[in-house]
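# Predicted coordinates and the sequence they were generated for:
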Amino acid sequence: MKLPIKKIFLVSLFLLSVSGCSGRSPKEHFDPSSGKAPHANSPAALIIDDSSGTENGFNQAALSGLKIYSEAAGVTYKCYNSSDSTPDSCKNAVLAAIQDHAELIICTGAHFEQAVGSLQEDYSNIFFLLLDGVPRDSSGNVIEPASNVHCITYREEEAGYLAGYMAVLEGYRNLGFIGGEKLSSVERYGYGFLLGINDAASALAVSGDVHVEYWYAETFSPNEQIEKVSFDWYQKGTEIIFACGGALYQSVLSSAQACDGMLIGADVDQSDISDRFLTSAMKGIDSSIIVALDDFFASGKQWPDTLAGKAVSYGAKENCISLPVRDQAWRFKTATSEDYSQVLARLKSGAVKIPVDTDTPPETDIAVTYHDQQEENS
């Protein structure tokens with residue numbers, strides 16, 4: 001029997017206080033070559049890539065969703081960190097969860113794609129929920145999810161589009177995008193951001209006045225290089241930067257505070273961090289986990305046929321893409337809530353379509369300066 005999950009989710013959002021995951025190491029001898037795991041005593045495990053941390057971002061939202069469901073349904077869980085983002089480290093973290101008798105393993109992010117790809121067949125009695133990715137082989141090629149795997153991806157391009165469109169309506173003309181690693185989810189954010197900026201500029205007939213700086217930092221962690229680049233951009237006239245990836249926003253925020261600049265957050269509502277965040281491009285990570293867990297446990301601790309071996313993509317139409325609208329998070333002064341509702345409605349209805357080709361920059365009427373890693377290192 002399924003839980004009344006929508007009610008649980010709405011109530012819990014106001015009550016939940018989330019603590020971070022802590023790393024775990026194997027407690028007893030375990031032979032990975034056996035291909036079998038012993039019976040579970042903690043059914044669910046959440047494994048995060050430690051490079052992104054658990055504060056104010058994707059991993060926090062994943063933990064939030066798991067905690068909400070576990071408290072409502074009486075399901076126990078454990079949290080694990082991979083020591084870094086390499087395939088071997090991610091695989092070892094998954095094996096540690098299997099050793100600890102997990103039945104359902106939730107992996108957060110594309111760094112776990114090869115780990116799930118290499119283990120899904122060998123551990124057919126273990127179930128996987130892979131967020132922001134699909135299984136891949138050791139060469140990085142996409143492979144079919146096995147029946148014990150369910151994948152959830154998000155249409156980040158729609159969230160980026162909303163953020164870019166509303167920023168231009170608010171009056172920003174000099175914008176920036178700093179992405180973390182060049183993963184598909186980050187690229188989709190940036191792609192949509194540019195198209196949202198472009199469409200809003202066209203609607204306002206200001207395309208010739210709009211300029212975007214664009215760069216991938218190749219890391220999700222804050223560092224001096226990101227702080228230097230963002231500081232230079234702000235000093236040269238950039239008004240607002242979309243800080244897209246893990247904890248790199250910390251470096252951008254430091255520059256914004258020094259230069260009186262603004263930011264756009266990613267994945268979750270980051271308005272509580274600082275009043276420097278104009279808005280955040282959000283995806284419903286926590287809610288999608290809750291729904292998936294409800295389906296899993298309601299089906300007798302297995303994926304139902306509608307989810308088994310399937311990869312789904314959630315966007316605005318599924319109410320999984322949005323900007324924050326609660327009173328303290330709504331910081332637009334020129335752009336209105338009606339403007340936002342209209343843009344969101346066009347995405348939901350399909351009136352606005354964002355065909356993403358991350359191998360080719362989108363065609364725009366605005367000026368975009370693309371920076372490479374070597375250039376920004378000099």
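All right, it came through fine. Numbers count the residues shown, from 1 in each chain.
# tell me what the helix ranked longest in the chain is packed against?
In the chain, assigned by DSSP state H, the helix with the most residues is helix 184-204. When contacts are defined as 3 or more C-beta pairs under 8 Å, 6 or more residues apart in numbering; DSSP states H and E, helix 184-204 sits against helix 156-170, strand 174-179, strand 211-216, strand 240-244. Yep, even glycine has a C-beta here, placed from its N, CA and C like the rest.
# angle of the last one against strand 211-216?
Strand 240-244 runs at 20 degrees relative to strand 211-216, counting by axes from the mean of the first three to the mean of the last three C-alpha atoms, to 10 degrees.
# ok, and for the helix or strand just after strand 240-244, which residues are buried?
For strand 240-244, the succeeding helix or strand toward the C-terminus, using DSSP states H and E, is helix 249-259. Residues 249-256, 259 are the ones in helix 249-259 that count as buried (16 or more other C-beta atoms under 10 Å).
# Could you confirm E363 falls within a helix?
No: remark: E363 does not belong to a helix; assigned using DSSP: H, G, I helix; E, B strand; the rest coil, it is coil.
# Report the contact partners of it.
Listed by C-beta atoms under 8 Å, 6 or more residues apart in numbering, E363 has no contact partners.
# Distance check, it against A163.
20 Å (C-beta to C-beta, to the nearest Å).
# Equivalent analysis for T153, please.
Taken as C-beta to C-beta, the span from T153 to A163 is 19 Å.
# try Q328
The spacing between Q328 and A163, counted by C-beta to C-beta, is 18 Å.
# Equivalent analysis for G208, please.
Applying C-beta to C-beta to G208 and A163 gives a distance of 22 Å.
# Between those two, point out the one with more neighbours.
Neighbour count, other C-beta atoms under 10 Å: between G208 and A163, A163 has more, with 29 against 11.
# Give me the spatial nearest neighbour of the more buried one, chain neighbours excluded.
Leaving aside its sequence neighbours, A163 sits nearest to A281 (C-beta to C-beta, 6 or more residues apart in numbering; 4.2 Å).
# want to throw the helices and strands packed on helix 184-204 into a markdown table with distance to D339?
Shown next, in a markdown table, are those (distance: least, C-beta to C-beta, whole Å):
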| stretch | distance to D339 |
| --- | --- |
| helix 156-170 | 6 |
| strand 174-179 | 17 |
| strand 211-216 | 20 |
| strand 240-244 | 17 |
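# Ok, which of those comes nearest F193?
In terms of C-beta to C-beta, the element of these nearest to F193 is helix 156-170, at 3.7 Å.
# Make sure T369 is indeed in a strand.
Yes: judged by three-state DSSP, T369 forms part of a strand.
# ok now do R326, which residues does it touch?
D269.
# C-terminal to the helix or strand bottoming out on mean pLDDT in the chain, what's the next element?
Within the chain, no helix or strand scores below helix 5-15, which has a mean of 43 by mean pLDDT, DSSP states H and E. Downstream of helix 5-15, the next assigned helix or strand under DSSP H and E is strand 44-49.
# Which residues does that following strand contact?
Residues from elsewhere that reach strand 44-49 (C-beta under 8 Å, 6+ apart): 21, 54, 59, 62-63, 66, 70, 75-82, 84-85, 90, 93-94, 97, 100, 102-109, 111-112, 293.
# what about burial for those residues, which qualify?
For those, buried by 16+ other C-beta under 10 Å: 21, 54, 59, 62-63, 66, 70, 75, 77-82, 85, 90, 93-94, 97, 100, 102-109, 111-112, 293.
# List the ones among those that fall in strands.
Per DSSP state E, strands hold the following members of the buried ones among the contacts of strand 44-49: 77-82, 104-108.
# ok, so of these, who is nearest V212?
Closest to V212 out of those is T108 (28.9 Å), distances taken as C-beta to C-beta.
# show me the contacts for that closest one.
T108 neighbours (C-beta under 8 Å, 6+ apart): 46-49, 52, 58-59, 62, 131-132.
# likewise C90?
Here C90 is in contact with 47, 49, 82, 107, 111-112, 114-115 (C-beta under 8 Å, 6+ apart).
# Show me how the protein divides into domains.
Split into domains by automatic domain parsing, the chain comes to 5-146+285-317, 157-282+322-377.
# chain center to the shortest one: distance?
Put plainly, it is domain 5-146+285-317. The chain centroid and the centroid of domain 5-146+285-317 are separated by 14 Å, computed with C-alpha atoms, centre = their mean, to the nearest Å.
# One more: the last one?
Remark: domain 157-282+322-377 is offset 15 Å from the chain centroid, using C-alpha atoms, centre = their mean.
# what mean pLDDT would you report for it?
Here domain 157-282+322-377 scores 95 as its mean pLDDT.
# Give the buried residues for stretch 334-343.
For stretch 334-343, the neighbour count (16+ other C-beta under 10 Å) marks 335, 339-340, 343 as buried.
# quick one: which of the residues you listed is nearest V142?
Once C-beta to C-beta is applied, the member of those that ends up nearest V142 is V343, at 31.8 Å.
# Show me what the helix or strand hosting the closest one is packed against.
Per DSSP H and E: V343 is located in helix 337-349. Counting contacts by 3+ C-beta pairs under 8 Å, 6+ apart, helix 337-349 is packed against helix 156-170.
# and the helix it packs on with strand 240-244, angle?
Counting by the same axes, to 10 degrees, helix 156-170 lies at 170 degrees to strand 240-244.
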